[in-house]
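> Just to be clear, the model below is a prediction. Sequence and coordinates:
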Amino acid sequence: MLNVVIFGAPGSGKGTQSKLIAEKYNLAHVSTGDLCRKAIHNNTHEGVIAKSYIDKGELVPDETILNMLDAFLESLPREQGVIFDGFPRTVAQAEALIEIMQSHGTKVSVLLNLEVDSDELMARLLKRAETEGRSDDNVETIQKRLEVYEKQTLPVIEFYRQRRLYKPIVGVGDINDIFGRVCEVLNELK
Ligand code: AMP
């Protein structure tokens with residue numbers, strides 16, 4: 001069973017590549033950012049908590065994220081492979097994911113890291129701000145999110161590197177070329 005973690009800074013193209021990967025490899029796409037936005041839209045208890053962090057560009061507490069993720073995974077058929085998009089974002093979440101996967105009798109197959117330099121990230125996020133209107137796509141919040149990524153999320157790379165599950169992918173250029181590089185890695189695992 002294929003379980004993929006797609007990793008990278010905000011604006012690195014995780015969402016775009018996840019959709020392509022989910023379709024080609026028949027995986028369920030789990031974006032914890034989307035789960036948060038859905039909870040906010042539905043005005044749930046978790047949504048109220050998530051909003052207060054997202055609007056500041058900070059990470060939503062692990063417990064809130066893990067509750068939403070658990071509920072989503074429980075709704076999937078057994079034997080359904082998953083692509084995790086925007087999760088794990090902390091080492092504590094990476095540790096929790098090992099247990100979650102174990103309880104489903106499976107494990108993470110690989111972490112794909114989309115590598116994009118910071119000037120390009122900022123340009124992409126500002127462009128997205130114009131087209132998608134996300135409340136956290138403004139200069140101040142973007143800067144905070146990139147800072148949080150470096151401090152809290154980057155250590156996740158080392159966690160997977162030590163477990164020999166880390167694969168860097170050049171995340172710049174044509175979307176289909178990037179996807180081609182992703183497929184080269186995933187086809188080796190199948
Ligand atoms: P994203 O759509 O992945 O860019 O996520 C948008 C925002 O949702 C992030 O800036 C965080 O505030 C929050 N978020 C999404 N996923 C997580 C996560 N795994 N852990 C903590 N916060 C998250």
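Perfect, thanks for sending it.

> Name the next helix or strand following the lowest-mean-pLDDT helix or strand in the chain along the chain.
Across the helices and strands of the chain, mean pLDDT, DSSP states H and E gives its lowest value to helix 118-132, namely a mean of 89. On the C-terminal side of helix 118-132, the closest following helix or strand by DSSP states H and E is helix 139-148.

> now check that next one, is it near the ligand?
Yes - applying Cβ under 6 Å from any ligand atom, one finds helix 139-148 touching the ligand at residue 145. C-betas here are computed from N, CA, C, even on glycine.

> Output the contacting helices and strands for the very next helix or strand once past that helix.
Next helix or strand after helix 139-148 toward the C-terminus (DSSP H and E): helix 155-162. For helix 155-162, the packing partners by 3 or more Cβ pairs under 8 Å, 6 or more residues apart in numbering; DSSP states H and E come out as strand 3-7, helix 91-103, strand 110-115.

> can you tell me if helix 155-162 touches the ligand.
No - using Cβ under 6 Å from any ligand atom, helix 155-162 stays clear of the ligand, coming no nearer than 9.9 Å.

> So what touches the helix or strand harbouring residue 72?
Residue 72 belongs to helix 62-74 when assigned by DSSP H and E. Applying Cβ atoms under 8 Å, 6 or more residues apart in numbering, the contact partners of helix 62-74 are 30, 32, 35-36, 39, 46, 49-50, 82, 87, 89-90, 92-93, 96, 100, 104.
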